[in-house]
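Asker: Below is the structure, and that's it, no one-letter string:
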């Protein structure tokens, strides 16, 4: 398999080299058989009409009918192979693209991540569509022109002139239309973003009287997009009309030139008709490529984006395991260690994190505090290994083969999936009933579920919309502690909990610490700070203090 860093049209061809060779063979056969109408006309006008032989007419017609059937079969087999290649391409790349979109999403590129599977579809459709077949037919243009030269040099030269004119018209059309198309795309993207935004914030817009302003803003964007689209369509229509005029002119002029040569006795009447058909066929791939070129350019851009998504330069730095013997300054209790870690993102001058030194150990609770935007969530993602770092080193004692079972994570924005409570707690793996109940009991969720009609089989709805904010938070917390993972990372776990829920959370953290888990919590509540073995303060991405109390606080003191 070609390395993802080498993703290109050439690489895609190499993946299915045998199939593409067969397709090339069918293309060769089809284009050879495209000469049959020309030869048929020559036989009809120059032999049958002169000899008046009905037998010759029947024999030639049956032969042509057989060759047309052969061409149809070759075209059908070629189409089937193209469909097969498209399926194989999707089977090979779609899972890689799907997984890679997570990385872009974690890096704050949600919009581009949503586009990547569409990019794959676009590349697949071009590689298996008529545009690519027109490209494969392009090498036959000089062969057809060569046959015209055999009929008469003026016919071949005439075809070359129109081929150059057609190609030049295509280049001018694409050059002038590209900017309009890009402007239209940007305008439409703005409309789509506003539509998604207002739909997502529908409750806020409705209750706070923002509907009129929202409609005005959306209407202005929609009007601009419509004007851009109309301008692009108008220009494209003008170029299309000019191209059609050139094509029709070529057909008539070719026939006229052939008639003139036939009158002069330089070619036969059969050659005149055949030359007209052959000239039209010779220029057909150019005309087809002219129509397909915008799609080809779009597919090329889509492929470049996919290559960047899947290429080795896009992958986050590998998290180094905690080696044995352990690195200097660390002992076997170390779960995660950060050494001079820096995180930068494109478009931001200052780093999100700078010079971070932090050690999180088993059987300890680390509480991270700091103002909004200080880098707390980014630091959590570095600890989890889902945030690429620019500088420094990250050591982890987790087994990469069992990473998902050893890590629990509660993000600030709780995301639940459409399924039952049990399925969400079990992370949509085969639920272990005892482990699900244990996680729910640990987080104080079990009693709440017992009061529901369907208990653990209660559907949560898309993104948990059937539940309250506190219930979603508890389910998210139960999912994080499911299976008693070794590393538990919680981002504002008590943000939507009432006093009872918060008390249950603290009791759960104490039990998890007693079990030897390494717990990292972002929280400003006093209860969390009181139980912390280590309190870290961040300010603008810099660690300003790292405090360790002399002894653990008890559960009674926290309560």
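Answerer: Received, thanks. A quick note: this is a predicted structure, and the numbers were derived from the prediction, not measured.
Asker: Model confidence score at residue 112, please.
Answerer: What the model reports as pLDDT for residue 112 is 55.
Asker: One more: the one 5 residues further on?
Answerer: For residue 117, the model assigns a pLDDT of 71.
Asker: residues in contact with it?
Answerer: Residues in contact with residue 117 (C-beta atoms under 8 Å, 6 or more residues apart in numbering) are 94, 97-98, 101. Every residue, glycine included, has its C-beta placed from N, CA and C.
Asker: Look up the pLDDT of residue 325 for me, please.
Answerer: Value listed for residue 325 in the pLDDT field: 39.
Asker: And residue 365, by the same measure?
Answerer: 91.
Asker: what is the closest residue to it other than its chain neighbours paired to in the beta sheet?
Answerer: Of all residues not flanking residue 365 in the chain, residue 519 sits nearest, at 4.6 Å (C-beta to C-beta, 6 or more residues apart in numbering). Taking DSSP bridges, one finds residue 365, residue 488 as the beta-bridge partners of residue 519.
Asker: Just to check, residue 519 is in contact with residue 363?
Answerer: No. Using C-beta atoms under 8 Å, residue 519 is not in contact with residue 363; the gap is 9.0 Å.
Asker: who has more neighbours, these two?
Answerer: residue 519 (26 against 16; other C-beta atoms under 10 Å).
Asker: From residue 298, how far out is that one?
Answerer: 49 Å (C-beta to C-beta, to the nearest Å).
Asker: got it, and residue 237?
Answerer: In this view, residue 237 and residue 298 are 20 Å apart by C-beta to C-beta.
Asker: more crowded one of these two?
Answerer: Higher neighbour count among residue 237 and residue 298: residue 298, with 16 against 10, using other C-beta under 10 Å.
Asker: Can you tell me, leaving aside adjacent residues, what's nearest to the more buried one?
Answerer: Among residues not flanking residue 298 along the chain, residue 122 sits closest, at 6.3 Å (C-beta to C-beta, 6+ apart).
Asker: which element follows the helix or strand where the one you found lies toward the C-terminus?
Answerer: Here residue 122, judged by DSSP states H and E, is contained in helix 110-127. Sequence order places helix 130-137 as the next helix or strand after helix 110-127, per DSSP H and E.
Asker: coming back round to it: so the residue nearest to residue 298 makes contact with residue 299?
Answerer: Yes. Proximity of residue 122 to residue 299 meets the contact threshold set by C-beta under 8 Å, at 5.5 Å.
Asker: In three-state terms, how would residue 483 be classified?
Answerer: coil (DSSP: H, G, I helix; E, B strand; the rest coil).
Asker: Just give me the neighbour total for it.
Answerer: Residue 483: 19 surrounding residues under other C-beta under 10 Å.
Asker: Also residue 427?
Answerer: 15.
Asker: Tell me if I'm right that it and residue 479 touch.
Answerer: Yes. In terms of C-beta under 8 Å, residue 427 counts as a neighbour of residue 479; the distance is 6.1 Å.
Asker: Distance check, residue 97 against residue 38.
Answerer: Residue 97 is 46 Å from residue 38, by C-beta to C-beta.
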